[in-house]
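Trainee: Need the 3D shape of this:
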Amino acid sequence: MKMTSGLRNALLAGAAISVTAGAAIAQVTSPNAPLKLTTDYFGYAAGVSVRASYSDNIALRRGPLEDDEYILSTFLTGGAIYSSPRVTAIVLGDLDFSYLFDQSDLAINQNIGATSTFTGVDNWLYFDLSGSTSRQLIGDNARFSGNINAARGQRADVHAYSASPYVFHQFADQSSTELRYRFSQVFVDQETSPLAFLTGNSNNDSTTHEVLAQYDTGRAFNRLNLRFTAFGSDTTEDGFSGIPDFEYRQGMASVEGRFYLTDSFAISGAGGYDDVNTSGSASLFFNDDVLSGGFWRAGFTAQPGPRSFVRLEYGKRYGDDFIDAQARYALSERFVFNAGASRTFRTRAQSVSSQFRATQRQTLEFADRLREGAELSARGVIESANWYANSLNFGRAQTTGVAVTDSAYASLAGRFNRTDLSINGYYSDDNFGYRQIETIGGGFDLRRQLSRRLTGYGSIAYRRADTAFDPATCEANPQFFGFDTTDPLFNAMTDCANLALQNGITNTVIGKVGASYALYENVSAFAEVSHTERFAPNSLLEYNENTALVGVTLDF
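Mentor: Reported below is the predicted structural model:
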């Protein structure tokens, strides 16, 4: 396989997107490291930076409570892809070690993800394994900024892994069958040490068992494609501080269909039945009869050209209407638009472990094509790996409970001439039964090579969170809102009223500009400034921060 510029750009974009998209790692701005290819099936990009920064409000407080901080950091970033006849794997991410002088504290920040597919028997037996670790907000109204070390007490380490053995067989007519088991766990650890989760010192941990049986007719019928699915899952989110576990089981049987009126247009939809059983804390806030029952969706699927695909369907599930959609359009070889919408029922923690599932099938298909000797770009694999981070990771938060969630996203990313550009937007509405959270946001990133040595860049990101709950629900179930009811000073009415003041609508905007200059072929210096501003009807929730950063990067 020849190393094309498309593959180079895809790997480099993958490393950069995983670095710059998350709220945990928001300062990464050094030039992309050049891709190194040691064999036809292994390539990597890596870099290390030494940087110094200053924050005028490290705790993201207001007025007289503001406190500045000087920070010295070492930052490691990179990405790699590997494929062999039996293994295909991708790893992307970054790791930051920072020393805060005034606080005399060593801080560690990470945002790393990996996924892999192992082939036991071709066209029969496989095994998927993936994992991720990152720092995320504790609660949707937690304070954050463009500074990865600001308000550290309002973030937690989130570690997740997923393992899945399965049987998959594709027949000559392109019909296929799949039998799969998946086990996944998420550890939400509020300790600053990345080793704390090994001692069991974590809360809001989540465990899920899943089984799947599926048959797809492929091209067995002329213009009709059907997919029959049976699915079951058992999820437990551990309780803490007097809160019992959130538990639910879900069984689902469905049939999806596409009837092609032409080669590029089909009527599509699905129908099936959900059987949901909640227990523990979840049973207090959800009615199983509302969540269970028949569901449907109907619409169309179109592929107007080789570079475009759209599926748009409207339906009803979990007691309400929803949109289920996917769209992809390659404006050019280097510019791609993606969008989608869905409705789910799961814990916030378990959504973390699902981020690489689509990528595992993509990596498997990529490996198959490599074994066939195809000369191809890894762009699609990298884009799939980074979709989750690029679209949704900004301001991601962990919070207790299971929710019915409506979500949507759209992103446009690519490169033309000497300019890299990405635009993304997202929406989610989480109904936890005892509180509701609506989040709307988006971002714009621009990087321009001004000369052979000089590169300029800038970005702006926006996030609106509306967290709402009924004070009467808080007074009746204060433990679900984090209160210690055994505290002699606890007063349900007063404490719930004070908590309401910390909720409501917040609007956070982060702007950043900077430049980098190549000193040598693989050494560059860079400098940037960023400003964060939070606006809210309640002035107690407002804050702002200014950050300046300078550094030197060595690419390997």
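Trainee: who are the neighbours in contact with residue 339?
Mentor: Residue 339 sits next to 325, 326, 327, 328, 408, 409, 410, 411 when contact means CB atoms under 8 Å, 6 or more residues apart in numbering. In short, each C-beta sits where N, CA and C put it, glycine included.
Trainee: Most neighbours out of the residues you listed, which is it?
Mentor: Of all these, the highest neighbour tally under other CB atoms under 10 Å goes to residue 411, namely 24 neighbours.
Trainee: which residues in the protein form helices?
Mentor: Along the chain, counting by DSSP state H, helices occupy 5-20, 282-285, 288-291, 348-353, 357-371, 379-392, 471-476, 492-501.
Trainee: Kindly indicate which of the contacts of residue 339 lies nearest residue 491.
Mentor: Closest approach to residue 491 among those (CB to CB): residue 408, at 40.5 Å.
Trainee: Setting the sequence-adjacent residues aside, check what's closest to the closest one.
Mentor: In space, residue 408 comes closest to residue 341 once its chain neighbours are excluded; the distance is 4.0 Å by CB to CB, 6 or more residues apart in numbering.
Trainee: Could I get the contacting residues of that neighbour?
Mentor: If you count contacts by CB under 8 Å, 6+ apart, residue 341 has them with 322, 323, 324, 325, 406, 407, 408, 409.
Trainee: For residue 446, state which of those is nearest.
Mentor: Out of the contacts of residue 341, the member with the shortest distance to residue 446 (by CB to CB) is residue 409, at 19.9 Å.
Trainee: Check what pLDDT residue 118 gets.
Mentor: pLDDT for residue 118: 90.
Trainee: Test my guess that it contacts residue 129.
Mentor: Yes: when contacts are counted by CB atoms under 8 Å, residue 118 is listed as touching residue 129 (7.2 Å).
Trainee: what are the phi and psi values for residue 286?
Mentor: With angles defined as degrees, to the nearest 10, residue 286 sits at phi -130, psi 140.
Trainee: Could you shift the numbering so residue one becomes 714, and keep it that way?
Mentor: Understood, numbering begins at 714; the last thing we discussed is residue 999.
Trainee: so it touches residue 1146, yeah?
Mentor: Yes: in this structure, residue 999 is within contact of residue 1146 by CB under 8 Å, at 5.3 Å.
Trainee: any residues in contact with both of the two?
Mentor: residue 1115.
Trainee: quick one on the thing from earlier: what touches both of residue 831 and residue 842?
Mentor: Counting by CB under 8 Å, 6+ apart, nothing touches both residue 831 and residue 842.
Trainee: what's the neighbour count on residue 1135?
Mentor: Count around residue 1135 with other CB under 10 Å applied: 21.
Trainee: Nearest residue to it in space, please, no chain neighbours.
Mentor: residue 1126 (4.0 Å).
Trainee: Okay, and the beta partners of the one you found?
Mentor: For residue 1126, the beta-bridge partners under DSSP bridges are residue 1049, residue 1135.
Trainee: ok, and the closest non-adjacent residue to residue 1023?
Mentor: Per CB to CB, 6+ apart, closest to residue 1023 is residue 1040, 4.5 Å.
Trainee: hang on, isn't that neighbour packed against residue 1026?
Mentor: No: taking contacts as CB under 8 Å, residue 1040 lies outside contact range of residue 1026: 11.8 Å.
Trainee: List phi and psi for residue 1200.
Mentor: phi -70, psi 130.
Trainee: Could you give the number of residues near it?
Mentor: 9.
Trainee: Please tell me how far it sits from residue 1042.
Mentor: Residue 1200 sits 56 Å away from residue 1042, going by CB to CB, to the nearest Å.
Trainee: Could you do residue 795 as well?
Mentor: 30 Å.
Trainee: List the residues that contact residue 1022.
Mentor: 1014, 1015, 1016, 1039, 1040, 1041, 1042.
Trainee: Please name the bridge partners of residue 1144.
Mentor: residue 1117, residue 1149.
Trainee: what about it, how many residues close to it?
Mentor: 21.
Trainee: doesn't residue 1114 make contact with it?
Mentor: No: using CB under 8 Å, residue 1144 is not in contact with residue 1114; the gap is 9.9 Å.
Trainee: Which residues outside stretch 1213-1221 are in contact with it?
Mentor: For stretch 1213-1221, contacts defined as CB under 8 Å, 6+ apart pick out 854, 857, 1108, 1175-1182, 1184, 1187, 1245-1251, 1253-1254.
Trainee: okay, now residue 936: neighbour count?
Mentor: For residue 936, the count of nearby residues is 12 (other CB under 10 Å).
Trainee: now residue 940
Mentor: Using other CB under 10 Å, residue 940 has 17 other residues around it.
Trainee: Next up, the contacts around it.
Mentor: With CB under 8 Å, 6+ apart, residue 940 has these contacts: 927, 928, 929, 930, 968, 969, 970.
Trainee: Low-confidence bits of this protein, can you list those?
Mentor: Applying pLDDT under 70 to the chain flags the ranges 714-754, 903-917, 952-956, 1046, 1065-1108.
Trainee: Beta-bridge partners for residue 762, please?
Mentor: residue 788, residue 1266.
Trainee: And it, how far from residue 870?
Mentor: For residue 762, the distance to residue 870 - CB to CB - is 22 Å.
Trainee: for residue 1235, same thing?
Mentor: The gap separating residue 1235 from residue 870 is 32 Å, by CB to CB.
Trainee: Check residue 928 too.
Mentor: On the measure of CB to CB, residue 928 and residue 870 end up 40 Å apart.
Trainee: If you count surrounding residues, which of these two has more?
Mentor: Using other CB under 10 Å as the criterion, residue 928 and residue 870 rank with residue 870 on top: 24 against 16.
Trainee: coming back round to it: would you confirm that the residue nearest to residue 1135 contacts residue 1134?
Mentor: Yes: using CB under 8 Å, residue 1126 is in contact with residue 1134, at 7.0 Å.
Trainee: higher neighbour count, the two?
Mentor: Per other CB under 10 Å, whichever of residue 1126 and residue 1134 has more neighbours is residue 1126, with 21 against 15.
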